[in-house]
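Q: Generate coordinates for the sequence data below:
(chains A and B)
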Amino acid sequence: MSLTHQDVARIAQLSRIAVTEAEIEAVGAQLNNIFGLIEKMQAVNTDGIEPMAHPQDVSLRLREDVVTETNHRDAYQAVAPLVEKGLFLVPKVIE
Amino acid sequence: MIQATLKQLSQQLADKKVSAVELAAAYLDRIEALNPALNAFITVDREKTLAAAQAADARRAGGDTGALVGVPVAHKDIFCQQGWKTSCGSRMLDNFIAPYSANVIEQCDAAGLVSLGRTNMDEFAMGSSNENSYYGAVKNPWDLAAIPGGSSGGSAAAVAARMTPVATGTDTGGSIRQPASHCGITGIKPTYGVVSRYGMVAYASSLDQGGPLAQTAEDCALMLNVMAGFDARDSTSLERAKEDYSRELNQPLAGLKVGLPREYFAEGLSADVARVITAAVAELKKLGASVVDVSLPNTELSIPAYYVIAPAEASANLSRYDGVRYGHRATEYKDLVEMYEKTRAEGFGSEVKRRIMVGSYVLSHGYYDAYYLKAQKIRRLIANDFTAAFGDCDVILGPVAPTAAFNIGEKSGDPVQMYLSDIYTLSVNLAGLPAMSVPAGFADNGRPVGLQIIGNYFAEAKMLNVAHQFQQATDWHQRVPGL
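A: Numbers count the residues shown, from 1 in each chain, chains lettered A, B, ... in the order given. This is a model prediction of the structure:
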């Protein structure tokens, strides 16, 4: 498989990472090399093999539906780029 | 004093031969002297450290007999530590002062360990050379032209240079073992789920595991006693009783069966590393171990499987860096999407961007089965290989890396070449097994070489026993770089 410039632009967009026209060639070449490495998996027969998500195959624990967190809003917002009146500020999303 | 092990420092503190403040000051002085050359630390805060040391002395004066009260430690810059910059080696978090502490930090604090500072690392733990740090490459204390390994390269270099007696690290694909090997120190990655991931900046959640780096196996056991334990705040933490990882250290090795996987000694392993590992195996035979030939036939597949699973999980985990709640935000943007795209383009380095993009692609519509699911199936095959091998032996031995530390700049232009050097470490993370690196000799160019000891699930105490007995019979772990 070989990624086109269009593919690379699409992947960058999915990743929410700005990639300039000047970078796209080099980024594409490196991604193609990495996918060349990854493609070696496809030659392996994995029919009937159960996928492994956790080495001990444990499933997620359940807990009582009670409040366990206390309010840390001020501490957590102290490290935010832009806040006002307890709200995180972002550019206008809805017209 | 500066050459002392954790165990020796603990004794000196108990005997009142030294105070925590004196210890902290001595290590801070050494860090100040050596860090300009090695770049092992990102953040040092003398005032905070001395205040913690004073508190430790007060605890001892008040009758606290905890073995590690007042012993210095350096933390990898991946563990959130309240009030300290927690950058994870990234520009993205260059302004991030952690508002809370990771479980590992809480446990170290509770044990009375004194933080010396925050060690350098590959950005978001992605790398095998420490060249991917926003704060610049770490140098190997044995040879300033060499990489220290990665991603816990700052922690490994700091222990090797005796800037700290012990350090914390994390291992997602070899990030404790490989730098420990390249820096001539001892490091252990526990069974997945043994050390809590709470507050540890996430890279690939199904593989990430914290662990210690120290001079000796005994010190690693003492540190693991502090770091390990169930934590409900980590959804994959294992509910197991606390154990004493030092309990088997002094058992003789007579009757021990060590497995040598033939795939770890095949083409690709450099002759000098093979020489060191063969000599280490011979040493263990002298101590009573017998050797069996085992096979891990899917070893080569660990590279593609890892470089699907880890980037996939990374792309999901790192989506949190959006410039909204913490970390870097671009200064100019015309709308929300552009804010995200510019923030992430500026905040992430090139390797992190590459892995996020690989991950986004393999998880994108129509590709999940072909990549992520396929890799999870191969992961099972790899784990099954180990299960079969452990039917014939107690521990598996082999190299940690195909060569001793390579030169800074040697592989940084070719990501795939860098990935291939992870061949002997990745499969352990995919299987979720514990493994460690123990100093075992030197390559032809004088750079250290580590012996990898891989154990079955929860066999940390057995691995530490093998390592400790090896260290009673050899002095590789006592060799120090001439700085």
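
Q: for chain A, what spans make up the strands?
A: In chain A, the strands defined using DSSP state E lie at A:83-84, A:87-88.

Q: Within the sheet, what are the partner strands of the first one, with directions?
A: Strands flanking strand A:83-84 in the sheet, each with its direction: strand A:87-88 (antiparallel) (DSSP bridges).

Q: Identify the residues contacting the partner strand?
A: Strand A:87-88 has contacts (C-beta atoms under 8 Å, 6 or more residues apart in numbering or on different chains) with A:77, A:80, A:82, B:324, B:325. For glycine as for every other residue, the C-beta is placed from the backbone atoms N, C-alpha and C.

Q: can I get these in TSV with distance to residue B:258 and pLDDT?
A: Formatted as TSV, the contacts of strand A:87-88 follow (distance: C-beta to C-beta, whole Å; pLDDT from 0 to 100):
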residue	distance to residue B:258	pLDDT
A:77	54	96
A:80	53	97
A:82	58	96
B:324	52	97
B:325	49	97
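
Q: about what we covered before: can you put the strands of chain A in TSV and add mean neighbour count and mean pLDDT?
A: Formatted as TSV, the strands of chain A follow (neighbours: other C-beta atoms under 10 Å in any protein chain shown; pLDDT from 0 to 100):
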stretch	mean neighbour count	mean pLDDT
strand A:83-84	12	96
strand A:87-88	12	96
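
Q: Can you redo these as CSV, where the extra columns are distance to residue B:408?
A: Formatted as CSV, those follow (distance: least, C-beta to C-beta, whole Å):
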stretch, distance to residue B:408
strand A:83-84, 41
strand A:87-88, 40
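
Q: Looking at those, which is nearest to residue A:22?
A: Closest to residue A:22 of the strands of chain A is strand A:87-88 (C-beta to C-beta; 32.9 Å).

Q: Tell me where chain A has helices.
A: Along chain A, counting by DSSP state H, helices occupy A:5-14, A:21-38, A:73-77.

Q: Low-confidence regions, chain A specifically.
A: A:1 (pLDDT under 70).

Q: Geometrically speaking, which residue is the centre of it?
A: residue A:15 (6.8 Å; C-alpha atoms, centre = their mean).

Q: gap between that residue and residue B:321?
A: The spacing between residue A:15 and residue B:321, counted by C-beta to C-beta, to the nearest Å, is 11 Å.

Q: any common contacting residues for these two?
A: Shared contacts of residue A:15 and residue B:321, defined by C-beta under 8 Å, 6+ apart, comprise residue B:344.

Q: Show me what the longest helix along chain B packs onto, helices and strands only.
A: Counting by DSSP H, the longest helix found in chain B is helix B:20-38. On a contact count with 3 or more C-beta pairs under 8 Å, 6 or more residues apart in numbering or on different chains; DSSP states H and E, helix B:20-38 meets helix B:6-14, helix B:46-61, strand B:72-76, strand B:114-119, helix B:153-160.

Q: burial count for the residue of the stretch 251-400 of chain B found nearest chain A?
A: Closest approach between the stretch 251-400 of chain B and chain A, counting by C-beta to the nearest C-beta: residue B:376, at 3.5 Å. Residues near residue B:376, counting by other C-beta atoms under 10 Å in any protein chain shown, number 21.

Q: Leaving aside the residues adjacent along the chain, what's closest to it?
A: Nearest in space to residue B:376, with sequence neighbours left out and distances taken as C-beta to C-beta, 6 or more residues apart in numbering or on different chains, is residue A:51 at 3.5 Å.

Q: Give the buried residues for the worst-scoring helix or strand of chain B on mean pLDDT.
A: Within chain B, no helix or strand scores below helix B:415-420, which has a mean of 92 by mean pLDDT, DSSP states H and E. Across helix B:415-420, burial judged by 16 or more other C-beta atoms under 10 Å in any protein chain shown covers B:415, B:418, B:419, B:420.

Q: Quick check: which of those residues are also close to chain A?
A: Near chain A, taking C-beta under 8 Å from any C-beta of the partner chain as the test, the members of the buried residues of helix B:415-420 found are B:415, B:419.

Q: ok, so of the buried residues of helix B:415-420, who is nearest residue B:241?
A: Nearest to residue B:241 out of the buried residues of helix B:415-420 is residue B:419 (C-beta to C-beta; 38.0 Å).

Q: Touching, residue B:212 and residue B:219? I think so.
A: Yes. Using C-beta atoms under 8 Å, residue B:212 is in contact with residue B:219, at 7.5 Å.

Q: Can you work out which residues contact both of these two?
A: Counting by C-beta under 8 Å, 6+ apart, the residues touching both residue B:212 and residue B:219 are residue B:166.

Q: ok, these two, which is more surrounded?
A: residue B:212 (33 against 26).

Q: who's in contact with that one?
A: B:166, B:167, B:168, B:169, B:187, B:188, B:219, B:220, B:223, B:224, B:227.

Q: now do residue B:224
A: Residues in contact with residue B:224 (C-beta under 8 Å, 6+ apart) are B:188, B:190, B:195, B:211, B:212, B:245, B:460, B:464.
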